[in-house]
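# sequence and predicted structure below; questions after.
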Amino acid sequence: DGGITQSPKYLFRKEGQNVTLSCEQNLNHDAMYWYRQDPGQGLRLIYYSQIVNDFQKGDIAEGYSVSREKKESFPLTVTSAQKNPTAFYLCASSMSGSGANVLTFGAGSRLTVL
Amino acid sequence: ILNVEQSPQSLHVQEGDSTNFTCSFPSSNFYALHWYRWETAKSPEALFVMTLNGDEKKKGRISATLNTKEGYSYLYIKGSQPEDSATYLCAFPYGGSQGNLIFGKGTKLSVKP
């Protein structure tokens, strides 16, 4: 079945450590996105990529980094510079970056900083 | 950054009740309006993408209407069932056709059997 796979589902991190969240899609979608969800807030865009080897900052990119070396993969690194990294992270993809294309989401990764 | 507002924040209904909730978005530079359903422990899934003023979409017992001139969309659920319990998100691409989606905070629907 085509879809998006995120791993790990749960991740615990000590302060000062970088962690990488994986996102893989087999939908042949060009565009991929990372969102963050905090209690009581809407999904907020961290980074997005509309094509391989290109990505752009979203609304809350500080303390995060991404890469897009392959069409299928868009890993997110939460660095030690991210002041409040405990959150639920969702990866999504769409056929292209058009605002009318639906997003397909992964199941999410929950990061907890100890 | 533009805002997408959803109301109510949460809703509790009995099985069989019909219900509706609202998404408000900026009416200028409209391009599209998305609705997603997010069940607990699952991925959000797309319900509708609406692009035309006056558009009405239907999927089973769920339907949505769109008013781009006044900047709102209604989502209706007819004869709610417990499996309809979920958070319903709307999203609006800011910046037009190539804009990224801004999401509302969602309406959490609980349907009691």
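Happy to help now that I have it. Numbering: from 1, shown residues only, chains lettered A, B, ... in the order given.
# where do the strands sit along the chain?
No chain in the question, so chain A it is. For chain A, the strands defined by DSSP state E occupy A:4-7, A:10-13, A:19-25, A:31-37, A:44-51, A:54-57, A:64-66, A:76-78, A:87-94, A:104-105, A:109-113.
# wrong chain, I was asking about chain B
Read by DSSP E, chain B holds these strands, from start to end of the chain: B:5-7, B:10-14, B:19-24, B:33-38, B:45-50, B:56-59, B:62-67, B:72-77, B:86-93, B:101-103, B:107-112.
# those: which one's closest to A:Met95?
Smallest distance to A:Met95 across the strands of chain B (Cβ to Cβ): 11.7 Å, for strand B:45-50. Any C-beta I mention is one placed from the backbone N, CA and C, and that applies to glycine too.
# quick one, the closest one and strand B:33-38 angle?
170 degrees (axes from the mean of the first three to the mean of the last three Cα atoms, to 10 degrees).
# hmm, back to that, quick check: which of the strands of chain A is nearest to chain B?
Nearest of the strands of chain A to chain B, taken as Cβ to the nearest Cβ: strand A:104-105 at 4.2 Å.
# how about chain A: which residue is closest to chain B?
For chain A, Cβ to the nearest Cβ, closest residue to chain B: A:Gly99, 2.7 Å.
# wait, B:Tyr74 sits on B:Thr22?
Yes: B:Tyr74 is in contact with B:Thr22 according to Cβ atoms under 8 Å; the separation is 5.8 Å.
# who in chain A is up against chain B?
With Cβ under 8 Å from any Cβ of the partner chain as the criterion, chain A comes near chain B at residues A:4, A:33, A:35, A:40-45, A:48, A:58-59, A:90, A:97-108.
# hmm, 10 Å instead?
Contacts of chain A with chain B, taken as Cβ under 10 Å from any Cβ of the partner chain, map to A:3-4, A:6, A:31, A:33, A:35, A:37, A:40-45, A:48, A:50, A:56, A:58-59, A:90-92, A:94, A:96-108.
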